[in-house]
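K.L.:
sequence-free structure coming up:
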Ligand code: C5P
């Protein structure tokens, strides 16, 4: 019986801005955010053996990841149960083994687990001959995790709801990105709860929509991208950043260091704790990394260099 092996990379994301727009009946918060793919990536090798049953995941490079709680397992389970319903009730899932090389930091707000899960869905969809429509695959993805659908698109997308309403927008590819990750992560529920205890910042969806439209035009070069993005600096905020800084003060330390090193724009991504800074190109981001790498206040933080995709 055939054994097939697939190699795939899973890129991370940053949230260029993240606004919280009320709560849903299930207690989750409604988001309005632009997600941007970056080339900081995990690597997966997925082996499928239809002559056997079972699942195994090997996480390399990190001892802190519980393979059983990994979203890749959930992605396989959801894909196979939907496949069974769609095709054949007698279907039994093949043996699936995933070698996962983690480079995206966990508890960073960079979507590493979600991106890995999306990569698994893409591979299974290919292996089984594209059984699901795009819409069906998106529905499976959102059941695996709120950030997973974005990674089926990648690039630059406006994401709403809990992340499942996705509109691709004009690419912002090619910008330099410097990322700093404090040792401590931010607890996402704690961060949302702390945000709820504070007064909500005003949010004008029409104004944001006009802003997104203003960026949705052909970009001449990277300087043009930054100019359009920074034209409404007051819109570039993450509503989770203030509560996250209360939980992990190094987030603010990183922001100050990145701004001092010449960042065009700097913000926390997702619910943290990673902070990203944007530059016109990768070279400028690398130069800033050189400047901040020996700053004593950042000694507990990890730095990463990337580019928008
Ligand atoms: O999606 P994730 O499992 O990381 O979410 C963890 C927690 O963060 C949720 O249980 C919820 O309390 C909070 N959350 C939220 N609104 C969102 C995403 C997460 O309130 N859109």
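P.N.:
Thanks, I have it. Remember, predicted model here, so these are calculated numbers, not experimental data.

K.L.:
Quick one: find the helix or strand in the chain with the lowest mean pLDDT.
P.N.:
When the helices and strands of the chain are scored by mean pLDDT, DSSP states H and E, strand 55-60 comes last with a mean of 91.

K.L.:
from memory residue 58 sits against residue 97, does it?
P.N.:
Yes. With contact defined as Cβ atoms under 8 Å, residue 58 reaches residue 97; the gap is 7.5 Å. Bear in mind the C-beta positions are built from the backbone N, C-alpha and C, glycine included.

K.L.:
For those two, indicate the residue with more neighbours.
P.N.:
Taking other Cβ atoms under 10 Å, residue 58 and residue 97 do not tie; residue 97 has more neighbours (17 against 11).

K.L.:
Would you agree the more buried one is in contact with residue 47?
P.N.:
Yes. Here residue 97 reaches residue 47: they are 4.6 Å apart, a contact under Cβ under 8 Å.

K.L.:
can you tell me the average pLDDT over whichever strand or helix holds residue 210?
P.N.:
In this structure, residue 210 sits in helix 205-215 according to DSSP states H and E. On average, the pLDDT along helix 205-215 is 95.

K.L.:
And stretch 268-283, by the same measure?
P.N.:
The model assigns stretch 268-283 a mean pLDDT of 97.

K.L.:
Show the end-to-end separation of that stretch, please.
P.N.:
Terminal residues of stretch 268-283 are spaced 22 Å apart (Cα to Cα, to the nearest Å).

K.L.:
repeat for stretch 172-189
P.N.:
Across stretch 172-189, the terminal residues are separated by 30 Å (Cα to Cα).

K.L.:
swap in stretch 84-101?
P.N.:
29 Å.

K.L.:
Could you do stretch 297-309 as well?
P.N.:
End-to-end distance for stretch 297-309, by Cα to Cα: 30 Å.

K.L.:
ok, and what's touching that stretch?
P.N.:
Here stretch 297-309 makes contact (Cβ atoms under 8 Å, 6 or more residues apart in numbering) with 11-12, 36-40, 105, 154-156, 172-183, 250, 253-254, 257, 278, 282, 285-286, 289, 292-293.

K.L.:
Next, work out how far apart the nearest residue to residue 70 once chain neighbours are set aside and residue 79 are.
P.N.:
Excluding its sequence neighbours, the residue lying closest to residue 70 (Cβ to Cβ, 6 or more residues apart in numbering) is residue 57, at 5.7 Å. Per Cβ to Cβ, to the nearest Å, residue 57 is found 15 Å from residue 79.

K.L.:
What strands line up against the least confident helix or strand of the chain, and which way round?
P.N.:
Using DSSP bridges, strand 55-60 pairs in its sheet with strand 95-101 (parallel).

K.L.:
Return the set of buried residues in the strand it pairs with.
P.N.:
96, 97, 98, 99, 100, 101 (16 or more other Cβ atoms under 10 Å).

K.L.:
Okay, buried residues for the helix or strand just after it please.
P.N.:
For strand 95-101, the following helix or strand on the C-terminal side (DSSP H and E) is helix 112-127. Buried residues in helix 112-127, counted by 16+ other Cβ under 10 Å: 112-125, 127.
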